[in-house]
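Enquirer: would you be able to build a 3D model of this:
(chains A and B)
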Amino acid sequence: MIRVLIADDFKLLRDVIRLYLGHAEDINVVDEAPDLNDALERATTLRPDVIIMNDYLPPTDSAHATARFRDQGLTAAILVISMHLEPNLIQRSFLSGVNGFMHKDEIDDYVVEAIRRVHQGERYLSPKARDAYSNIQE
Amino acid sequence: MRTAIFKNRRVDIFSQQKATLLQATALGAVDWVPDRPGFLLYSSKAYSIIRVAIADDHTELRLALRLLLSISKDIEIVCETSNGQEAVDCVKHLQPDVLVMDIQMPVLDGLHATKQVAALSVPTRVILMSTYAGSFISRQAAAVGAHGFVPKDNIAEWLHQAIEKVHQGEDFFME
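Expert: Okay, here's the model as predicted:
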């Protein structure tokens, strides 16, 4: 069973992600958090396998937030969901230890696959994230 | 399963045969939801599709609503708008079955837009949403001619049911 924590400040989106993950038999949402401090606290207690994180987790972005998780010895795979797919943030996030990146409007088609892939230790870029990220690498 | 997007409806596809994809294309499929394995034309549901319009000025909320509603195979989103005026224009042109609209919006707010929709001779019924909850705002929604009201905190749990009820001709007011 893949244990997942959802960290996003937008409650409706957390609810919607739960609905999409409810169909996957190998995934269990263990908790959710609206900001970085809450997410750190819950992740420290619950030790999820995967954290789905908004690219802005108040009060900071996914790169800084991930650095905080890694500083605290949290090894959960981190999958970032984003509205904007800013290439610079994708790059900084990967350097901080993020494992996957995807656009929020791809959640319906790809979130389950993305969670399974990052949980297996792979780096995951959704089709839109791959497009955005390739811009910075060229 | 794949979902074919036809001009006016969504159709689920179950089969292993590629020929049916071509068949669906011949029947007018204009787009596909990617990465869902298996194909077969299955159109019996197409006639009960509820055509829904969304109006909210927050891009991310519209996205969340789109994701939420696309879980239901009986709902097709026909337009997304970011203020009340655009929502009224959408209703005039596309006559959705249900318009799901925020109350607090720029240009024309949801209450005024609902009055305009109610004055049109179209079958569209309105469900209003708000960050605020309570009997006062729920009664305000009813007073301008909406058929439903759902506080934003309750959307994930109740919006599907609200849309179905309102589409069937019933009212759905939460407080």
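
Enquirer: now do the same contact list for the closest residue to chain B within chain A.
Expert: Distances between chain A and chain B by Cβ to the nearest Cβ are smallest at residue A:15, namely 3.4 Å. Every residue, glycine included, has its C-beta placed from N, CA and C. Neighbouring residues of residue A:15 by Cβ atoms under 8 Å, 6 or more residues apart in numbering or on different chains: B:68, B:155, B:156, B:157.

Enquirer: then residue B:106?
Expert: Here residue B:106 is in contact with B:57, B:82, B:83 (criterion: Cβ under 8 Å, 6+ apart).

Enquirer: show me which helix runs longest in chain A.
Expert: helix A:107-119 (DSSP state H).

Enquirer: direction included, what does the helix or strand following that one pair against?
Expert: Going down the chain from helix A:107-119, the next helix or strand is strand A:124-125, by DSSP states H and E. Next to strand A:124-125 in the sheet, as set by DSSP bridges, lie strand A:100-103 (parallel).

Enquirer: chain center to the strand it pairs with: distance?
Expert: Put simply, strand A:100-103 sits 7 Å off its chain's centre (Cα atoms, centre = their mean, to the nearest Å).

Enquirer: next one: stretch B:64-79
Expert: Distance, centroid of stretch B:64-79 to centroid of chain: 6 Å (Cα atoms, centre = their mean).

Enquirer: quote the end-to-end distance of it.
Expert: Chord length of stretch B:64-79, first to last residue, is 14 Å (Cα to Cα, to the nearest Å).

Enquirer: quick revisit: among the contacts of residue A:15, which one sits closest to chain A?
Expert: Looking across the contacts of residue A:15 and measuring by Cβ to the nearest Cβ, the closest to chain A is residue B:156, at 3.4 Å.

Enquirer: okay, now the unreliable bits of chain B?
Expert: For chain B, the stretches with pLDDT under 70 are B:1-47.

Enquirer: using a markdown table, lay out the contacts of residue A:15 together with secondary structure and distance to chain A.
Expert: Formatted as a markdown table, those follow (DSSP: H, G, I helix; E, B strand; the rest coil; distance: Cβ to the nearest Cβ, whole Å):
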| residue | secondary structure | distance to chain A |
| --- | --- | --- |
| B:68 | helix | 5 |
| B:155 | helix | 6 |
| B:156 | helix | 3 |
| B:157 | helix | 8 |
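
Enquirer: buried subset of these?
Expert: B:68, B:155, B:156 (16 or more other Cβ atoms under 10 Å in any protein chain shown).

Enquirer: hang on, the earlier thing: list of residues touching the longest helix of chain A?
Expert: Here helix A:107-119 has contacts from A:2, A:4, A:16-17, A:20-21, A:23-24, A:26-27, A:49-50, A:52, A:77-79, A:81, A:99-100, A:102, A:124, A:126-127, B:33-36, B:67, B:70-71, using Cβ under 8 Å, 6+ apart.

Enquirer: just checking, which of these belong to strands?
Expert: A:2, A:4, A:27, A:50, A:52, A:77, A:78, A:79, A:81, A:100, A:102, A:124 (DSSP state E).

Enquirer: beta partners for the first one?
Expert: Put plainly, it is residue A:2. Beta-bridge partners of residue A:2, as defined by DSSP bridges: residue A:27.

Enquirer: burial count for it?
Expert: For residue A:2, the count of nearby residues is 20 (other Cβ atoms under 10 Å in any protein chain shown).

Enquirer: now do the contacts for it.
Expert: Residue A:2 neighbours (Cβ under 8 Å, 6+ apart): A:26, A:27, A:28, A:49, A:50, A:115, A:116, A:119.

Enquirer: turn the residues you listed into CSV, including neighbour count and distance to residue B:111.
Expert: Shown next, in CSV, are these (neighbours: other Cβ atoms under 10 Å in any protein chain shown; distance: Cβ to Cβ, whole Å):
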residue, neighbour count, distance to residue B:111
A:26, 10, 46
A:27, 20, 41
A:28, 14, 42
A:49, 18, 46
A:50, 25, 42
A:115, 24, 41
A:116, 16, 45
A:119, 21, 47
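
Enquirer: show me what counts as buried in the lowest-mean-pLDDT helix or strand in chain A.
Expert: Using mean pLDDT, DSSP states H and E, the weakest-scoring helix or strand in chain A turns out to be helix A:127-137, at a mean of 86. Within helix A:127-137, the residues that count as buried by 16+ other Cβ under 10 Å are A:128, A:129, A:132, A:133.

Enquirer: what does stretch B:122-138 give?
Expert: Buried, per 16+ other Cβ under 10 Å, within stretch B:122-138: B:124, B:125, B:126, B:127, B:128, B:129, B:130, B:133, B:137, B:138.
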